[in-house]
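[1] only the shape, not the letters, is given here:
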Ligand SMILES: [Zn+2]
């Protein structure tokens with residue numbers, strides 16, 4: 001019995017040792033990521049994420065979580081699962097909506113008055129994401145970049161509408177205070 005228990009303890013220990021490095025990767029934020037985030041103030045991060053969230057909301061989407069917590073591996077905006085452009089019935093519309101959602105971070109940061117280098121640094125990953133999604137639909141990079149440029153002023157006009165900018169503002173301010181907002185708090189802020 002004793003040796004059996006010892007053997008099983010050893011197996012468990014080995015299993016834990018194997019799992020630990022993986023868990024570390026998931027729960028820790030890399031130094032590279034922290035260095036990247038260090039160029040933004042909390043307000044920069046909050047307006048960028050609030051821009052994504054409000055455009056997603058205006059397109060009928062649901063947001064599950066928003067975070068500007070720097071040590072949070074899930075920092076950013078997390079929408080409820082929805083079909084990707086490839087899975088959607090109307091691919092082109094779904095791609096346009098996705099591009100609009102992705103440029104909205106840059107647009108909100110710009111309207112809020114962030115310096116250009118901060119706006120660009122915040123939007124780089126979003127632009128890469130848009131180009132990747134477009135590629136899945138065989139849309140080449142030049143066309144994807146043209147879509148981004150076309151959506152940019154549309155999203156700006158939309159976010160500059162006073163009722164919509166009020167939503168960005170209150171979501172961003174809420175986020176600066178709380179750092180993380182859950183689905184209920186986001187819904188309450190977007191649907192007063
Ligand atoms: Zn973004």
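    Alright, I've got the coordinates. Just so it is clear, the model here is predicted, and its values are computed rather than measured.
[2] burial of residue 129, as a residue count?
    Residue 129: 15 surrounding residues under other Cβ atoms under 10 Å. Backbone N, C-alpha and C define where each C-beta goes, glycine included.
[3] now the residue nearest the centre of the chain. Its backbone dihedrals?
    Centroid check for the chain by Cα atoms, centre = their mean gives residue 77 as the closest residue, at 3.5 Å. The phi/psi pair for residue 77 (degrees, to the nearest 10) reads phi -100, psi 130.
[4] what sits against the residue of the chain found nearest the ion?
    Taking Cβ to the ion, the ion has its nearest neighbour within the chain at residue 105, 3.4 Å off. By Cβ atoms under 8 Å, 6 or more residues apart in numbering, residue 105 lies in contact with 48-49, 51-52, 122-123, 126.
[5] now these in JSON lines, please, with extra columns for neighbour count.
    Converted to JSON lines, these look like this (neighbours: other Cβ atoms under 10 Å):
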{"residue": "48", "neighbour count": "30"}
{"residue": "49", "neighbour count": "28"}
{"residue": "51", "neighbour count": "31"}
{"residue": "52", "neighbour count": "26"}
{"residue": "122", "neighbour count": "25"}
{"residue": "123", "neighbour count": "23"}
{"residue": "126", "neighbour count": "20"}
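[6] which of those residues sit farthest apart?
    The span of the contacts of residue 105, defined through Cβ to Cβ, is set by 49 and 123 at 12.1 Å.
[7] these two touch, right, the residue nearest to the centre of the chain and residue 63?
    Yes. The pair residue 77 / residue 63 is scored as a contact, 6.2 Å apart, by Cβ atoms under 8 Å.
[8] intersection of neighbour lists for these two?
    53, 56.
[9] what segments of the protein are strands?
    Taking DSSP state E to define them, one finds strands in the chain at 63-67, 76-79, 180-182.
[10] sorry, back to before: not counting sequence-adjacent ones, nearest residue to the residue of the chain closest to the ion?
    Nearest residue to residue 105, sequence neighbours excluded (Cβ to Cβ, 6 or more residues apart in numbering): residue 48, at 4.1 Å.
[11] closest to residue 70 out of the contacts of residue 105?
    In terms of Cβ to Cβ, no member of the contacts of residue 105 lies closer to residue 70 than residue 49, at 12.7 Å.
[12] where along the protein do the helices fall?
    Taking DSSP state H as the test, the helices found in the chain are 2-27, 31-37, 42-58, 91-112, 116-136, 141-160, 162-178, 183-190.
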